[in-house]
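K.L.:
Sequence plus the predicted model coming up.
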Amino acid sequence: MRHPLHAAVVGVALLLGGCASFGPRSSYVEAVTPADAPLLAADIAGFVSDRLPAASTTVALDEPAGELASDSLTPVLRDELRRIGFGVAGADQKAPGAHALRYLVTPLNAGVLVRLQFDRTTASRLWLRNSAGTLQAGSPFTVREDAAE
């Protein structure tokens, strides 16, 4: 018999892959600890760099607003994108040709759900906490590419 968690991960991936809308109008980050932030930032930046050429691309981060603006992930993500060669701008800055990146990071069961949106790509990945409390990837990214209009 397969592990019940495997079935849950597959179910979540299928559910998220079929969603028509992304959710909040700006990025949203909840329940990311300072210890989680470097791992999640490296994963997000790595996914983006697999899709866009870092050395010639500017990413406009659609950062969380209001009381969520001081989350622990955003500054680490900004630094990681710059470290691997991306230009980084805020969503409110004028950056012609920039690729807007929105991210939703929220608790789900005993882990964290990461959802990204840029250009016509939406990607989701579930991270689970192991017995030591450390996050580890619980699934590969589930990716949906919307057709060009």
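P.N.:
Done, it's in.
K.L.:
give me the low-pLDDT residue ranges for the protein?
P.N.:
1-25, 149 (pLDDT under 70).
K.L.:
where do the strands sit along it?
P.N.:
Using DSSP state E, the strands of the chain run over 28-29, 58-61, 87-90, 99-108, 111-118, 121-129, 135-137, 142-145.
K.L.:
Distance of the nearest residue to residue 93 once chain neighbours are set aside relative to residue 125?
P.N.:
Nearest non-adjacent residue to residue 93, counting by CB to CB, 6 or more residues apart in numbering: residue 60, 6.9 Å away. For every residue, glycine as well, the C-beta is placed using N, CA and C. For residue 60, the distance to residue 125 (CB to CB, to the nearest Å) stands at 22 Å.
K.L.:
Over to residue 100?
P.N.:
19 Å.
K.L.:
okay, the two: which has more neighbours?
P.N.:
Applying other CB atoms under 10 Å to residue 100 and residue 125 shows that residue 125 carries more neighbours, namely 23 against 14.
K.L.:
Wait, that one touches residue 143, no?
P.N.:
No - the criterion here is CB atoms under 8 Å, and residue 125 misses it with residue 143 at 9.6 Å.
K.L.:
Common neighbours of these two, please.
P.N.:
Listed contacts common to residue 125 and residue 143 are nil; contacts here mean CB atoms under 8 Å, 6 or more residues apart in numbering.
K.L.:
Between the two ends of stretch 130-145, how far is it?
P.N.:
Counting by CA to CA, to the nearest Å, you get 31 Å between the two ends of stretch 130-145.
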